[in-house]
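>>> fold the following and give me the result.
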Amino acid sequence: MACIVLAIVFAWQDKLKAATLLNALFFLCVVLAYFPQLDSIKAFAVDVRLRRSLDRAEELLARLKDLSVISAKTSYLILAWGNRAGTPLVKDKQAILDQFDEQLTTLKVNDDERRKITKPWVQLIAVDLYTIFFKVMERYVQWKEIELQKGSVNTPEGATAMHKFTVDVGEWRRPASHGPFFDDYDLEMSLRRATPDKILDDTNRLNVIKFRSQVLDLYEICKSKGGYTKEVAEFVDAYAYGYGEQRAIDRKMAEVFGVTMEVI
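Numbers count the residues shown, from 1 in each chain. Modelled structure (predicted):
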């Protein structure tokens, strides 16, 4: 402002050289003051992006840094557990995946792409839930066999009951034991196949149907999220190898069938 006022004064006094110099100084001051604030400069058909481009570059670098940190956490987790018995808890693995998901959202990855990315993880959630259900059913079959053996197996009636039980279990175990690793895994169908209907009474059958519905509801929650929720992670981690798996299975068997295993 001082430059422009002095330029006007010198011009009024016919001191054109001084006025011209002050005008040039005024222009230079304007450029130095406002140049860093400009989004772009357009001259001679050239569009030069300035502040906005720099801000965008800094934002992208920050996101890349976040992704690098998450990737490093994943690598350390994999290497730490490599060649060891057991795996990390589901809640710990999901915590890292949630960080990845936040970055995908920030990077504006659409829902279809995210579903494709998370599909293998979601399918394995179905497998984890199926495995828990199957192990509880298997444990009940073991309990039932022990109870039958306590009876009069040497009598014709006892031998007949034991033979029927063995045949029924064999028919159940063949389809129930098929590996669940394939595309478009149908969890509901697999749970039905894993239900030993022929050795269940009406009360137990209703309780198993309730348990089956619980497992399916948990899976639907995970499908909607594209990963484990806190509730489902806690449910699955209770059965994790090395973290009291057998005790958890026996507790669930007692809850579903109202029986306890005396012989481990």
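>>> who touches the residue nearest in space to the middle of the chain in this structure?
Nearest to the mean C-alpha position of the chain, by Cα atoms, centre = their mean, lies residue 227 at 2.9 Å. Going by Cβ atoms under 8 Å, 6 or more residues apart in numbering, residue 227 touches 94, 97-98, 101, 118, 121-122, 125. The way it works is simple: take the backbone N, C-alpha and C, and place the C-beta from them, glycine included.
>>> per-residue confidence for residue 18?
pLDDT for residue 18: 72.
>>> quickly find the element holding it.
helix 16-34 (DSSP states H and E).
>>> quick one on the thing from earlier: so which of the contacts of residue 227 are in helices?
Mapping the contacts of residue 227 onto helices (DSSP state H) picks out 94, 97-98, 101, 118, 121-122, 125.
>>> what about residue 166, how many neighbours?
Residue 166 has 12 neighbours, counted by other Cβ atoms under 10 Å.
>>> repeat that for residue 144.
By other Cβ under 10 Å, the residues close to residue 144 number 19.
>>> next: residue 124.
By other Cβ under 10 Å, the residues close to residue 124 number 13.
>>> tell me how far residue 190 lies from residue 57.
50 Å (Cβ to Cβ, to the nearest Å).
>>> what about these two, which has more around it?
The residue with more neighbours, out of residue 190 and residue 57, is residue 190; 20 against 10, by other Cβ under 10 Å.
>>> quick one, phi psi at residue 218?
Per-residue torsions, residue 218: phi -60, psi -40 (degrees, to the nearest 10).
>>> that one reaches residue 230, doesn't it?
No. Using Cβ atoms under 8 Å, residue 218 is not in contact with residue 230; the gap is 11.7 Å.
>>> ok, the two, which is more surrounded?
Neighbour count, other Cβ under 10 Å: between residue 218 and residue 230, residue 218 has more, with 21 against 10.
>>> so what's that one closest to, chain neighbours aside?
residue 232 (4.8 Å; Cβ to Cβ, 6 or more residues apart in numbering).
>>> and residue 142, by the same measure?
Of all residues not flanking residue 142 in the chain, residue 261 sits nearest, at 7.2 Å (Cβ to Cβ, 6+ apart).
>>> again with residue 126
Among residues not flanking residue 126 along the chain, residue 187 sits closest, at 4.3 Å (Cβ to Cβ, 6+ apart).
>>> looks like that neighbour contacts residue 216 (just checking).
Yes. Counting by Cβ under 8 Å, residue 216 is a contact partner of residue 187 at 6.6 Å.
>>> neighbour-wise, which of the two wins?
The neighbour comparison of residue 187 against residue 216 (other Cβ under 10 Å) goes to residue 187, with 21 against 16.
>>> wait, what's in contact with that one?
Taking Cβ under 8 Å, 6+ apart, we find residue 187 in contact with 126, 129-130, 215-216, 219.
>>> among those, which ones are in strands?
Among the contacts of residue 187, none falls in strands (DSSP state E).
>>> just flag the most distant two among these.
Greatest spatial distance among the contacts of residue 187 (Cβ to Cβ): 130 and 216, at 10.5 Å.
>>> still on that earlier bit, which one of the ones in helices among the contacts of residue 227 sits closest to residue 244?
Within these, proximity to residue 244 (Cβ to Cβ) peaks at residue 94, which comes in at 19.8 Å.
>>> OK, contacts around that closest one?
Residue 94 makes contact with 227-228, 233 under the criterion Cβ under 8 Å, 6+ apart.
>>> any chance of these in CSV, with secondary structure too?
Supplementary listing: the contacts of residue 94 in CSV, determined by DSSP: H, G, I helix; E, B strand; the rest coil:
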residue, secondary structure
227, coil
228, coil
233, helix
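>>> just put the residues you listed in JSON lines and tack on distance to residue 158 and pLDDT.
Shown next, in JSON lines, are the contacts of residue 94 (distance: Cβ to Cβ, whole Å; pLDDT from 0 to 100):
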{"residue": "227", "distance to residue 158": "50", "pLDDT": "90"}
{"residue": "228", "distance to residue 158": "46", "pLDDT": "92"}
{"residue": "233", "distance to residue 158": "45", "pLDDT": "92"}
